[in-house]
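Q: what's the 3D shape of this:
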Amino acid sequence: MLDDAMSPVYRNAMLDDVQKGWVYSWHCVDHVGYANNPRRKAIGYGKVFEMYKRKLSETGSASDELNWHFHPLSFSRDPLQCATSYINSYDVLIQILCRRLIDEAWYPMVNRPGFHSERPDSHAFLEQWIPYDYANQSDSADNKQPDLSNGRLGDWRRAPKSWRGYHPHHDDYQMPGNCRRWSFRCMNVGTRIRTLTLDHVEEAFREAEENGSAILAFADHDYRDIRPDVAYVRQLLSAARPKYPHVTMRFSGALAAARAHTQTIEPTRHSPLALQVELQNNALSVRIKDGVLFGSQPFLALKTKGNEYHHDNLDVQIPGKLYTYALDAQTILPHDLAAIGVGAAGRDGSCDVKILKF
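A: Next comes the predicted model:
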C-alpha cells in the first residue's frame with residue numbers, strides 16, 4: 001500500500017496549481033507502555049518513526065513530513081481503550097520526546113492529537129513546546145455516536161468553524177486567545193465521525209478567496225488502506241476547484257503549510273532559530289544565538305551510559321536568550337552521560353537541535 005501510495009505515479013495522478021503531486025504528513029506514534037498487544041502493533045520506542053523515515057528515503061519522498069502524534073494511555077494500559085490525560089502518561093510522553101531528540105536529532109513542530117483530544121494538561125504541554133496543532137474538529141453536523149457524546153474525547157464544540165487557524169485562549173483551548181501556538185482545523189476521512197465533506201472543502205476555498213489563504217487539512221490512519229480515502233478527497237477537490245478559479249491550490253506538508261499560511265496573517269521577520277550549546281566543566285549553557293524562541297525554554301534531554309533518558313528544566317539566566325544547567329551530584333555527573341540533546345522551535349516556524357555525545 002505504501003509503496004504504491006508514495007510512488008510518483010500515484011502522487012502525480014492529481015496535480016496542484018503549481019504542478020506538484022500529492023504530499024503526506026506522517027504523524028508517527030510510539031506504541032509503548034501497553035499491558036497487551038492484541039493487534040500486533042510495532043512495539044517499542046521509535047519503531048514507527050524509524051520505519052517511515054526509512055520509507056521516505058527509499059521512495060525519494062522529499063516533500064513528505066515526519067510529525068508528532070501521541071496517544072495517552074488508559075488506566076488499564078489496554079491499547080484498545082481511549083484516554084485523554086497527558087499527566088497520567090507523562091513518563092511515557094517524556095521518554096518518547098527525549099529519545100526522538102537524542103536518537104534521531106529530531107524535534108516536533110506539528111502535533112495531531114490522539115483521538116483529536118485535548119484537555120487543559122495537554123493544552124499546557126503543547127503551548128510550551130510545539131507551535132502548530134492540527135486538532136480542531138469543530139463541525140456543524142450532529143454527533144450521533146453515543147460513546148462520543150457530551151464532548152467525550154475530541155471536544156471541539158466551541159471552536160471556530162474556520163480553515164484559517166487561531167491562537168487558543170489560555171483557559172480554553174477551543175476559544176481564540178493570546179497563546180503562542182496555532183490550532184488548525186483538521187477533519188477525518190474514512191471514519192464514523194467528523195468526516196470531511198464537500199461543504200468543508202468549499203468553505204476552505206471560499207475562505208482562501210476572501211482572506212488570501214486557508215489550510216484544508218484532513219487525517220487518515222495507515223492501519224487501513226489509505227488509497228480509497230485519498231481518492232475520496234481528490235473527488236471533493238475536483239468538485240470544488242472549478243468554482244474558485246482565482247484560488248491557487250497547493251499540496252503541502254503540515255509544517256510547510258502552517259509556516260506559509262501564518263506568514264500571510266502575522267508576517268514576521270525573525271531569523272531561523274539557532275542554538276549554541278556548550279559544556280564547560282559541570283555547567284551546560286544554551287544560548288539563543290539567532291532567531292526568537294517559541295516557548296518558554298528549550299527542551300533538554302539527557303541520556304546516561306546506562307541507556308536511561310531524562311528530561312529536566314533549564315535555569316533561566318536571560319529569558320529568551322541564555323539558559324544553563326548544572327551537572328552534578330544532584331542531577332547527573334558528566335562522566336555518567338552518553339549524550340545531551342537540546343531542541344527548540346522558533347517563532348518563525350523553524351527549529352534547531354544540538355546533540356553533544358560523549
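Q: just the CA trace of the helix or strand hosting L300, in PDB.
A: Assessed by DSSP states H and E, L300 sits inside strand 299-304. Extracted in PDB, the C-alpha atoms of strand 299-304 (Å, rounded to 0.1, in the frame of the first residue of the first chain):
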ATOM      1  CA  PHE A 299      13.800  21.200  25.700                       C
ATOM      2  CA  LEU A 300      16.600  19.400  27.500                       C
ATOM      3  CA  ALA A 301      17.100  15.600  27.200                       C
ATOM      4  CA  LEU A 302      19.800  13.600  28.900                       C
ATOM      5  CA  LYS A 303      21.000  10.100  28.100                       C
ATOM      6  CA  THR A 304      23.100   8.100  30.600                       C
END
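Q: so who does K20 touch?
A: Contacts for K20 were tallied using C-beta atoms under 8 Å, 6 or more residues apart in numbering; they are S63, R250, F251. (Glycine included, C-beta is placed from N, CA and C.)
Q: one step back: list of residues touching the strand holding L300?
A: 97-99, 101-102, 107, 129, 286, 309-314, 325, 332, 336-344.
Q: could you single out the nearest of the contacts of K20 to D352?
A: S63 (21.5 Å; C-beta to C-beta).
Q: C-terminal to the strand holding L300, what's the next element?
A: That would be, after strand 299-304 and using DSSP H and E, strand 309-312.
Q: got the contact list for that next one?
A: Counting by C-beta under 8 Å, 6+ apart, 94-95, 97-99, 102, 299-304, 325, 331-332 sit against strand 309-312.
Q: can you do 10 Å?
A: Residues from elsewhere that reach strand 309-312 (C-beta atoms under 10 Å, 6 or more residues apart in numbering): 45, 90, 93-99, 101-103, 299-304, 325-326, 331-332, 337-339, 341.
Q: cool, and stretch 231-246?
A: By C-beta under 10 Å, 6+ apart, stretch 231-246 touches 13-14, 16-17, 22, 189-190, 195-206, 208-209, 216, 218, 220, 247, 249, 251.
Q: weed out the non-buried ones from these.
A: Applying 16 or more other C-beta atoms under 10 Å to the contacts of stretch 231-246, the neighbour count classes 14, 16, 22, 189-190, 195-196, 200-206, 208, 216, 218, 220, 247, 249, 251 as buried.
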